[in-house]
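1. Have a look at this fold, sequence not included:
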């Protein structure tokens, strides 16, 4: 009998050994186990609530009793959404979300471009710090800070006054719709704060996309005769577009759903988030609140579908 | 006639690093020229200087007699085939190839016609609609070639053009590149670290080391008459022999190279060998067997044709060669 060591080692003793051997043979079970808690959360709590919400939106409120009629499913509540005052809320919110997204993209791009193409080492670290730092402060603190900045007695007015530019601010505030008594109670103010608060979510994906554009492609474009401007429009921008779209998904959906910023800074006209808040609370009209909640979800669904068709997720 | 590319005392320093140090070199029009050297030897910097991606720290570069100091890449009649091909992933093959023509705002009909021709020249007719990601490495390289040659540059630069291809494809592309260069009549300058590639394709070769040119010459000159130990070592599989060894055999104390194929193996006992030693390793190469013989501490390589039996490891053999086969390297003390 040979005493040479066995080629196959003796099985590892104990329960842990058996379990790790099993996972080694069935990695898919291991992955399932890793993801079980978030999947349960997503499946039961999140999707479950979403379905409950969807179902609620197909109930309607009984006009005489003011009670929710749960005996039948109806599209009546969705009909309510189309009433002028509710349609106004939807259009106002979508217009604001679109304006905020566009402005964020325009402001974020140069910053992201500089960071991706020129900043290195500690300057890059400083860039990340600068972009992320506002995210560490409480959202409410920032909004109230902005209220003070934008108020009639605020620092912005003071700056305009000292620059002898008060006439410019007044001219702006006298504009219809976007103007108002002061910046802090105008759509302009709401817009400024939205752009400020969501800006990091636009800068970071744009910068990541620009970072992924290989320098040899830029060299190649130049080598083949493209001026810097041509290189930008024909090579760099198309390749960064998925990142900009990814960023716009953040800014657009966050603006669609927010109910705090327009409440603290802006006019008394409602945005979707505020409408949901009001209808589910004091008004007790849960079906209408639910129907309002479905609107951003539907808009985002369409938006994501369009973005996917544009190839925004190919680079993820 | 002006040289296609002229380097006059060109240096490129990156801080304290001398990537290129005082290079003077003329590349003739229509030449297939190789810049050969190990990584970090400055050959790629040389290429980037001609393309315009880098500016020399000192010295002058002229392309067909025109000084190119301060001229950006997009205003040079020089195109590059990049090592990773650098195809635009958001454009299909035809759009990639037509890119230079689009920038020149040529009419669409002419663009389409010339793109078709260029793709046919690199044997990719009918591939216009594909995306670069759907092509094999060899096909991508052909697209890069078509794109870089479509506007008929004065000089085509190729950065490790065959580096990413497998052996079979590499051999095939070597022939095709030569044929393409003949067909277009453009000056080709290519960078490689593979001596076989440089010797088989180029009309002339410049061997680089540590930012300097060690030797310029035809492949045969470089191979048979290396000027220094570095060139002999890098370019050939030559035996580089020390002054002590060479002195003992020839009476002239100088560094010398001795090509393996100049050595014949004879039985150790026959007395016909100039020196004798012990076989320390054999490697089978197909057409021949390469063996290493230890001669009093100096390792000498020889090749045994497949028609003869190669000696076993550990056996004693004699090495016969003519002392004329030594090439003395004047550049070395």
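-> Nice, I can see it. Predicted, not measured: the structure shown is a model, and the values here were computed from it.
2. So the residue of the stretch 201-316 of chain A found nearest chain B: helix, strand or coil?
-> Residue of the stretch 201-316 of chain A nearest chain B, by CB to the nearest CB: residue A:220 (3.8 Å). Where you see a C-beta, it was placed from the backbone N, CA and C, and this is true even at glycine. Recorded secondary structure, residue A:220: helix (DSSP: H, G, I helix; E, B strand; the rest coil).
3. Residue B:35 too?
-> The three-state label given to residue B:35 by three-state DSSP is strand.
4. circling back to that earlier point, contacting residues around the closest residue to the residue of the stretch 201-316 of chain A closest to chain B other than its chain neighbours?
-> Computed as CB to CB, 6 or more residues apart in numbering or on different chains, the closest residue to residue A:220 that is not its neighbour in sequence is residue B:86, at 3.8 Å. Contacts for residue B:86 (CB atoms under 8 Å, 6 or more residues apart in numbering or on different chains) come out as A:214, A:216-217, A:219-220, B:144.
5. before we move on, what about residue A:248?
-> Counted by CB under 8 Å, 6+ apart, residue A:248 has contacts A:101, A:104-105, A:202, A:307.
6. Of the residues you listed, which is the most crowded?
-> Counting neighbours by other CB atoms under 10 Å in any protein chain shown, residue A:202 leads the contacts of residue A:248 with 30 neighbours.
7. Pull out the buried residues from the host helix or strand of that one.
-> Counting by DSSP states H and E, the element that carries residue A:202 is helix A:187-211. Of all the residues in helix A:187-211, those buried under the rule 16 or more other CB atoms under 10 Å in any protein chain shown are A:187-210.
8. does residue B:266 belong to a helix or a strand, and which?
-> Assigned by DSSP H and E, residue B:266 falls in strand B:264-267.
9. packing partners for that strand?
-> Applying 3 or more CB pairs under 8 Å, 6 or more residues apart in numbering or on different chains; DSSP states H and E, one finds that strand B:264-267 makes contact with strand B:298-305, strand B:316-320.
10. average model confidence for it?
-> For strand B:264-267, mean pLDDT rounds to 87.
11. Name the residues of that strand that are buried.
-> Result for strand B:264-267 [16+ other CB under 10 Å]: buried residues B:264-266.
12. which residues touch the residue most central in space within chain B?
-> In chain B, the C-alpha nearest the mean C-alpha coordinate belongs to residue B:198, at 2.8 Å (CA atoms, centre = their mean). Counting by CB under 8 Å, 6+ apart, residue B:198 touches B:34, B:36, B:192, B:205, B:219, B:235.
13. Now with 6 Å, please.
-> Taking CB atoms under 6 Å, 6 or more residues apart in numbering or on different chains, we find residue B:198 in contact with B:34, B:36, B:192, B:205.
14. these two touch, right, the first one and residue B:202?
-> When you say that, I think you mean residue B:34. Yes. Counting by CB atoms under 6 Å, residue B:202 is a contact partner of residue B:34 at 3.6 Å.
15. which element is the residue of chain B found nearest chain A on?
-> When scored by CB to the nearest CB, chain B has residue B:86 as its residue closest to chain A, at 3.8 Å. In the assignment (DSSP H and E), residue B:86 maps to no helix and no strand.
16. so how far is residue A:76 from it?
-> Taking CB to CB, to the nearest Å as the measure, residue B:86 falls 60 Å from residue A:76.
17. what about the chain, any weak spots by pLDDT?
-> In the absence of a named chain, this looks at chain A. A:1-6, A:11-12, A:311-316 (pLDDT under 70).
18. To clarify, I was referring to chain B.
-> With pLDDT under 70 as the threshold, chain B has low-confidence stretches at B:331-333.
19. What residues does it have near chain A?
-> B:51, B:53, B:73-74, B:79-80, B:82, B:84, B:86, B:90, B:99-100, B:103 (CB under 6 Å from any CB of the partner chain).
20. buried subset of those?
-> B:51, B:53, B:73-74, B:79-80, B:82, B:86, B:90, B:99-100, B:103.
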